[in-house]
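Participant: Fold the following and give me the result.
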Amino acid sequence: MSFNPDITKQAIEVIFSSLYNKGDHPPLHYNDVPIKRQPDTQHLGVILDEKLTFQKHIKESIEKAKKGISLMKFLSKWVNRKVLEQTYKMYVRPHLEHGDLLFHNVNKNLMDSLERVQTLAARIVSNCWKGTNTRKLYEHLGWESLSDRRVYRRMCLFYKIQNNSAPGYLIDHLNHNPTVRTKRFQNSFFPYCKQIWPNLDANIRESPNLSIFKSRYLKLIRPDKKGFFDIKDKYGTSLLFKLRVDFSDLREHRFRHSFNCQTPLCKCGIEDETTSHYLLRCPNFSSMRTNLLSSVSSILNNDISILPHDYIERILLYGSKSFNHITNKLIIEQTIQFIKKSKRFSKLEASNGT
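Facilitator: From the prediction side, this is the model:
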């Protein structure tokens, strides 16, 4: 076999095996040049280690992604949520997903490590505190988990294979049905996809093209983003976001998260300081609340003060799909104005441990 004998481009040998004892493998020589034996090699940007654990690849990907996280932290002082989100999707998430068709579910600890990077990015984008529920963060940002995205990307490729839009060497594997003996093999691409594919809704599987398939599948896994209707008030929307995900400086939130709070009882002494209590019942903010409800009632041409509190709370925090964009924007602006005028969050109790 002819190959480049240049020592700087030396051929590499990797013995791929999950066995503890790999046996005796004599050294290889090509054209009297020894082949260097290594525990891993990089191919198309993916590090393949000898046991195919992908541990080194994932750890290096996380380190690259963290550089983007540092950029996001730096930018967060000056740019809005939209720019931070675009920064994450352009400069951080691609590192976390490179090669994920191969390593999905290869190791739970490694998968959790990847997810923690996205969770950190979500907190930076939303300016939420550490300990905020990840599921709530994703729901309000409209993000799917990296685990769901890995399955989605696998299904997209499998759709192409099913519809003869992939290379022949992949299409040929559709007819191969080897016995699945280990969980590791079960999580590899073809056994995994063949198991998941029949469980997809027929409307998704029978999509006329890949673009429609992607759109239908994303509707299945991507939560509806809870928007701010183009409101530019960065500080105000940050305070509102914390109320939405139930982890703000309110005592009930901090007490539930064991965060510098001895009791969930509000300073007014009437009941626990929940979001609903703060927005609708706390006597410390009665006059400002009257103005808030009056303004929102004027916007809707309907007295909302007579409605159930849980319904009023949803309107004040999120608006409503039954209202148009302008109406929702006006309502959310009134809520933010109430939050800022109340000065409840101007000095955080959490900072002094009360």
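
Participant: so where is the protein shaky, pLDDT-wise?
Facilitator: 1-10, 353-354 (pLDDT under 70).

Participant: which residue is nearest the middle of it?
Facilitator: By Cα atoms, centre = their mean, the chain has its centre lying nearest to residue 145, at 4.4 Å.

Participant: what's the closest non-adjacent residue to residue 103?
Facilitator: Closest residue to residue 103 apart from its sequence neighbours, by Cβ to Cβ, 6 or more residues apart in numbering: residue 54 at 4.0 Å. C-betas here are computed from N, CA, C, even on glycine.

Participant: tally of neighbours for that neighbour?
Facilitator: Neighbours of residue 54 under the rule other Cβ atoms under 10 Å: 22.

Participant: quick one, what contacts it?
Facilitator: 46, 47, 48, 99, 102, 103, 106, 107, 110 (Cβ atoms under 8 Å, 6 or more residues apart in numbering).

Participant: Just the buried positions in the helix or strand encompassing residue 330, please.
Facilitator: Counting by DSSP states H and E, the element that carries residue 330 is helix 325-342. Neighbour-count burial for helix 325-342 flags 327-340, 342 (criterion: 16 or more other Cβ atoms under 10 Å).

Participant: out of these, what pair is the most spread apart?
Facilitator: For the buried residues of helix 325-342, the maximum inter-member distance is 23.1 Å, found between 327 and 342 (Cβ to Cβ).

Participant: Just give me the closest of the buried residues of helix 325-342 to residue 191.
Facilitator: The closest of the buried residues of helix 325-342 to residue 191 turns out to be residue 328 (Cβ to Cβ; 46.5 Å).

Participant: Now do the closest one against residue 13, distance only.
Facilitator: Separation of residue 328 from residue 13 (Cβ to Cβ, to the nearest Å) stands at 63 Å.

Participant: again, but for residue 237
Facilitator: Computed as Cβ to Cβ, the residue 237 to residue 13 distance reads 56 Å.

Participant: okay, these two: which has more neighbours?
Facilitator: Neighbour count, other Cβ under 10 Å: between residue 237 and residue 13, residue 237 has more, with 21 against 13.

Participant: ok, now which ones touch the more buried one?
Facilitator: Residue 237 touches 81, 228, 231, 336, counting by Cβ under 8 Å, 6+ apart.

Participant: one more time with 6 Å
Facilitator: Contacts here follow Cβ atoms under 6 Å, 6 or more residues apart in numbering; on that basis residue 237 touches 228, 231.

Participant: quick check: angle from the strand or helix carrying it to helix 325-342?
Facilitator: Counting by DSSP H and E, the element that carries residue 237 is helix 234-244. Per axes from the mean of the first three to the mean of the last three Cα atoms, to 10 degrees, the angle that helix 234-244 makes with helix 325-342 is 90 degrees.

Participant: quick one: helix 234-244 to chain centroid distance?
Facilitator: Distance of helix 234-244 from the chain centroid (Cα atoms, centre = their mean, to the nearest Å) equals 19 Å.

Participant: For stretch 180-196, measure first residue to last.
Facilitator: Terminal residues of stretch 180-196 lie 15 Å apart, using Cα to Cα, to the nearest Å.

Participant: which residues touch that stretch?
Facilitator: Applying Cβ under 6 Å, 6+ apart, the set of residues contacting stretch 180-196 from outside is 105, 154, 158, 173.

Participant: can you pick the most crowded of the residues you listed?
Facilitator: Neighbour count (other Cβ under 10 Å) singles out residue 158 as the most crowded of the contacts of stretch 180-196, with 23 neighbours.

Participant: tell me which of the buried residues of helix 325-342 is nearest to residue 209?
Facilitator: residue 328 (34.1 Å).

Participant: The closest one and residue 230 touch, don't they?
Facilitator: No: taking Cβ atoms under 6 Å as the definition, residue 328 is not a contact partner of residue 230, at 10.0 Å.
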